[in-house]
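1. model this:
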Amino acid sequence: MESAFEPTEPNTGEEFEPVDVFPDSDDFDLRPGSDSCYKCSTCDTNCPVAEVDDEFPGPKFQGPEQWRLKQSEDDYDIDDSVMDCSNCMRCDNACPAGVPLSQMHNTARGEYVSEQMDHLSIEYWRNRILSNYRTSAWLASKTPRLANFAMNLGPARWLMEKTMGVTKEREFPEFATETFREWWDKRGAAAGSKERAQAARRERGLPEDADKKVAYFHGCYSNYNTTEVGKAMVRVYEHFGYEVVVPEQGCSGTPMFANGMLEDARRHAEVNVSSMSDLVDQGYDAIASCTSCSMALRQEYPELFDIDGIDDLAANTFESIEYLRIHEDIREEIQAAEVSGELADEFAYHAPCHSRNQGLDRQAVELFRELDGAGIEDVGESCSGISGTYGWKAEKYEKSMKIGDEMFDHMEHAEGETGMTECPTCAMQMEHGTGYDIRHPLELVEAALVDGHAV
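-> Predicted coordinates for the structure are as follows:
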């Protein structure tokens, strides 16, 4: 007998008609995706948490099985193991039936935190502080040198572990003495970028009024910590003749999704969609230098929220290197270039899980393999293990390091002692586990193509 429900592909932000199975519920209807699961367990075998934690039931239970239980039993409570999911989203990529597993996990995690978790507990407030990193970073950026000193004192880290459950094993990331947005404003902001882009077009023989303009979603980390990534993004895009604008924005919401703080994520999403979708309407494409940020805007937003403009934003969001590979002859320019000085090195490249989910896992290797003065080696398909805030929790720290063991080992045996990745938290884990310096691919593009790393 044929099922009344046809299997569906993962929601990519395109409009679809939900099946009206539970008309009294205001929740997203996940029945079609649930019915697509035929229990092959491929998601479980690809789950990095399940690989190191025998008690974790895995993505299949957290997704379709738990969803069915929730719909069939009035008094069913979400299993608290949903908080052990790291939100790496590798299960989405692994599923042969297109089951929207991470959407189910995010929905279940949000319900668990909202309805079952003790909001007076240390765990709840620890998770909320970690997931709202943008707030902490904004405060630290006011006195960055003091924050860098105070937060990495041994007694301070010990105290945070004892009182908040934030592991003392990790050093806190350093805050920049000048945020990216401060640098951007000093440089003339959008007006200054337009002038430089027009000059670059003249050099390339392009019309000065060519329709080349992008809106940069820098995210929290490139603004407050690794500002060199944001600067490289702007300089590289201006090199190709793009006018860059940097609109008002909040956090992408990725750490909030991972901690079940969906209301917090929605507040930030409303700001981001409002400012970015207006620019999309004006012909801008949205560019993110962090693969978790681009994943949030492209996939998680349309899956979880109903906000005007969200589908158009999702359809016009790109990762920074991806966009250049689509629209420019960047590979040809890279092949004709050479790198000398600080970034002349052999790189051990790790593709973040959220990069793999967007089909971008090989792009840096393919782009740089013929670059003179630099070599690049893919260190395998393993997860780094940190998964944003997951590896910062004291009770998850050892698991995160076990997950990362394979990557650490591959890096240690790779040529050179410099790592490369697009994800800032993967970079933290790579540096923590190996001691290597870590670079973003944009920095290498800048070193190869932008003369003198323009101001």
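
2. what sits against residue 276?
-> With contact set as C-beta atoms under 8 Å, 6 or more residues apart in numbering, residue 276 has these partners: 215, 217, 247, 249, 286, 297, 309, 313, 317. All C-beta spots, glycine's among them, are computed from the backbone N, C-alpha and C.

3. Which phi and psi values does the second one adopt?
-> Backbone dihedrals for residue 217, given as degrees, to the nearest 10, come out at phi -100, psi 100.

4. one step back: tell me which entries of the contacts of residue 276 lie within helices.
-> residue 313 (DSSP state H).

5. Nearest to residue 84, out of the contacts of residue 276: which one, please.
-> residue 297 (26.0 Å; C-beta to C-beta).

6. Going through the contacts of residue 276, which ones are buried?
-> 215, 217, 247, 249, 286, 297, 313, 317 (16 or more other C-beta atoms under 10 Å).

7. Identify the residue nearest residue 335 in space, chain neighbours excluded?
-> Computed as C-beta to C-beta, 6 or more residues apart in numbering, the closest residue to residue 335 that is not its neighbour in sequence is residue 370, at 4.9 Å.

8. Okay, and which of the buried ones among the contacts of residue 276 map to strands?
-> Taking DSSP state E, the ones among the buried ones among the contacts of residue 276 that sit in strands are 215, 217, 286, 317.

9. got JSON lines for these, with pLDDT and distance to residue 413 too?
-> Output for these, formatted as JSON lines (pLDDT from 0 to 100; distance: C-beta to C-beta, whole Å):
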{"residue": "215", "pLDDT": "98", "distance to residue 413": "41"}
{"residue": "217", "pLDDT": "98", "distance to residue 413": "35"}
{"residue": "286", "pLDDT": "98", "distance to residue 413": "38"}
{"residue": "317", "pLDDT": "98", "distance to residue 413": "36"}
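
10. Adding distance to residue 135 as columns, could you present those residues in a markdown table?
-> As requested, these are exported to a markdown table (distance: C-beta to C-beta, whole Å):
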| residue | distance to residue 135 |
| --- | --- |
| 215 | 23 |
| 217 | 18 |
| 286 | 23 |
| 317 | 24 |
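
11. what's the closest of those residues to residue 137?
-> Nearest to residue 137 among these, with distances taken as C-beta to C-beta, is residue 217, at 15.9 Å.

12. who touches the closest one in this structure?
-> 249, 252, 272, 276, 286, 287, 288, 293, 294, 297, 317.

13. what's the spacing between residue 79 and residue 56?
-> 11 Å (C-beta to C-beta, to the nearest Å).

14. any weak-confidence spans in the stretch 151-300 of the chain?
-> Across the stretch 151-300 of the chain, nothing is flagged by pLDDT under 70.

15. rerun at 90
-> Along the stretch 151-300 of the chain, segments meeting pLDDT under 90 span 207-210.

16. give me the element residue 190 is part of.
-> Element membership for residue 190 (DSSP states H and E) is helix 189-204.

17. Help me confirm that residue 194 comes into contact with residue 243.
-> Yes. Counting by C-beta atoms under 8 Å, residue 194 does reach residue 243; the two are 4.7 Å apart.

18. okay, those two: which has more neighbours?
-> Using other C-beta atoms under 10 Å, the more surrounded residue of residue 194 and residue 243 is residue 243, with 23 against 18.

19. which residues touch the more buried one?
-> Applying C-beta under 8 Å, 6+ apart, the residues near residue 243 are 190, 193, 194, 197, 198, 212, 213, 214.

20. Please name the nearest non-neighbouring residue to the second one.
-> In this case it means residue 193. residue 244 is the one closest to residue 193 (C-beta to C-beta, 6+ apart), at 4.5 Å.

21. Wasn't the one you found part of a strand?
-> Yes. Counting by DSSP: H, G, I helix; E, B strand; the rest coil, residue 244 is part of a strand.

22. how close does it sit to residue 212?
-> Residue 244 is 10 Å from residue 212, by C-beta to C-beta.

23. Need the overlap of contacts for these two.
-> Shared contacts of residue 244 and residue 212, counting by C-beta under 8 Å, 6+ apart, come down to residue 197.

24. which one of those two has more residues nearby?
-> Between residue 244 and residue 212, residue 244 has the larger neighbour count (other C-beta under 10 Å), namely 25 against 22.

25. Tell me where the model's unsure across the stretch 301-450 of the chain.
-> In the stretch 301-450 of the chain, residues with pLDDT under 90: 340-344, 370, 415-417.

26. repeat that for 80
-> Applying pLDDT under 80 to the stretch 301-450 of the chain flags no residue at all.

27. now the helices: where do they sit in it?
-> All helices of the stretch 301-450 of the chain, identified by DSSP state H, counting those that start in this stretch, fall at 301-304, 310-315, 320-327, 330-336, 353-356, 363-368, 397-413, 424-434, 441-449.

28. so what secondary structure elements neighbour the fifth one?
-> In this structure, helix 353-356 packs against helix 90-94, helix 291-295, with contacts taken as 3 or more C-beta pairs under 8 Å, 6 or more residues apart in numbering; DSSP states H and E.
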